[in-house]
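Novice: need coordinates for the following:
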Amino acid sequence: MKSTPRLRALVLAAATAVLLPAAGYCADTAPATHAGKHPAHWSYSGKTGPAEWAHVDEKFGNCALGHEQSPIDIRTADVQAAALPAISFDYKPTPLKIIDNGHTVQVNIAPGSSITVGDTRYELLQFHFHKPSEERVNGKAYPLVAHLVHKSETGKLAVVAVLMDKGAKHPLVQAVFDNLPKAKEQESSVAGIGIDLNALLPANRAYYSFAGSLTTPPCSEGVSWFVLKTPMQVSTEQLARFGRVYAMNARPVQPLNGRVVQASQ
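Specialist: Numbers count the residues shown, from 1 in each chain. Below you'll find the predicted structure:
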């Protein structure tokens, strides 16, 4: 894509702004708006697909010109082992509140769940799914990934990615997929059902870490990524159930541009 002074100025403005998720929506799937009018339409294919996101809306310039974009292909031979702090998960049971926002299935989380990495605490806002996984490991995409989106008190975003391989049925995923909303862009509260997000996490919580971005427009950078090394399992039937709603909703991997990927012990 050809860079223009106007587009570079827009990217600079976006990079210096602090992105705060809108209530009821998540950081990386909230629709952008045209001066308060209708949301800009983007998709995962064709004329509004990832290669064209920067042309869909002037606010999406980062999608083409950013230098720390996500997702990436994690090449383990190039990963640097480091004395990274363990992620301290403090997830509480939460009512099941689901929204199909037109790009993915998202579960909004009640206040009180968080992670702490080093000295920084991040509140869990929501989690959602991509099929196949946006992250790749040595070129391999997994059938599904769950992205758990968090925000610190200062507005910094952190995403924990849980890769999902084909295998046994996952009870928490089943609870979500059994209660998918019939209408898009309307949050549905499922009466009498709560979920414990600890069930979504593998026992081994070692991770890959890198600086990245949102994987959907406006592709804002400054996001801390933590990709758990150990995948969880979902069944063939569960993959098919999600696939009937979103057959493919993954952005292609982006260049590293000199970034270092680290791995915890």
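Novice: can you pull out the strands in the stretch 51-200 of the chain?
Specialist: Assigned by DSSP state E, counting those that start in this stretch, the strands in the stretch 51-200 of the chain fall at 73-74, 80-81, 87-90, 94-100, 105-108, 114-117, 120-130, 136-137, 140-141, 144-152, 157-166, 188-195.
Novice: how far does the longest one sit from the chain's center?
Specialist: This points to strand 120-130. 8 Å (CA atoms, centre = their mean, to the nearest Å).
Novice: so in that sheet, which strands flank that strand, and in what orientation?
Specialist: Counting by DSSP bridges, the strands paired with strand 120-130 are strand 105-108 (antiparallel), strand 114-117 (antiparallel), strand 144-152 (antiparallel).
Novice: in JSON lines, list those strands along with mean pLDDT, mean neighbour count and distance to Ala51.
Specialist: C-betas here are computed from N, CA, C, even on glycine. Converted to JSON lines, the strands paired with strand 120-130 look like this (pLDDT from 0 to 100; neighbours: other CB atoms under 10 Å; distance: least, CB to CB, whole Å):
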{"stretch": "strand 105-108", "mean pLDDT": "98", "mean neighbour count": "24", "distance to Ala51": "24"}
{"stretch": "strand 114-117", "mean pLDDT": "98", "mean neighbour count": "18", "distance to Ala51": "33"}
{"stretch": "strand 144-152", "mean pLDDT": "98", "mean neighbour count": "24", "distance to Ala51": "21"}
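Novice: how near is the residue nearest to the spatial centre of the chain to Glu52?
Specialist: The C-alpha lying nearest the average C-alpha coordinate of the chain belongs to His147 (CA atoms, centre = their mean; 4.1 Å). From His147 over to Glu52 the distance is 23 Å, taken as CB to CB, to the nearest Å.
Novice: could you do Gly155 as well?
Specialist: Gly155 is 29 Å from Glu52, by CB to CB.
Novice: quick one: which of these two has more around it?
Specialist: Neighbours were counted for Gly155 and for Glu52 using other CB atoms under 10 Å; Glu52 has more, 17 against 13.
Novice: mind pulling up the pLDDT for the more buried one?
Specialist: pLDDT recorded at Glu52 is 97.
Novice: quick revisit: can you add distance to Tyr207 and give the strands paired with strand 120-130 back as CSV?
Specialist: Converted to CSV, these look like this (distance: least, CB to CB, whole Å):
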stretch, distance to Tyr207
strand 105-108, 21
strand 114-117, 10
strand 144-152, 12
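Novice: nearest to Glu187, of these?
Specialist: strand 105-108 (6.5 Å; CB to CB).
Novice: ok, which stretches of this structure are helices?
Specialist: With helices called from DSSP state H, the chain shows them at 5-16, 53-56, 62-65, 171-177, 236-243.
Novice: what's the least confident stretch among the ones you listed?
Specialist: helix 5-16 (a mean of 42).
Novice: mind listing what's buried in stretch 174-190?
Specialist: Buried positions in stretch 174-190, judged by neighbour count with 16 or more other CB atoms under 10 Å: 175-177, 179, 181, 190.
Novice: what about it, start to end distance?
Specialist: Distance across stretch 174-190, first residue to last, is 14 Å (CA to CA, to the nearest Å).
Novice: likewise for stretch 73-85?
Specialist: So stretch 73-85: terminal residues 23 Å apart, CA to CA.
Novice: noted, bye for now.
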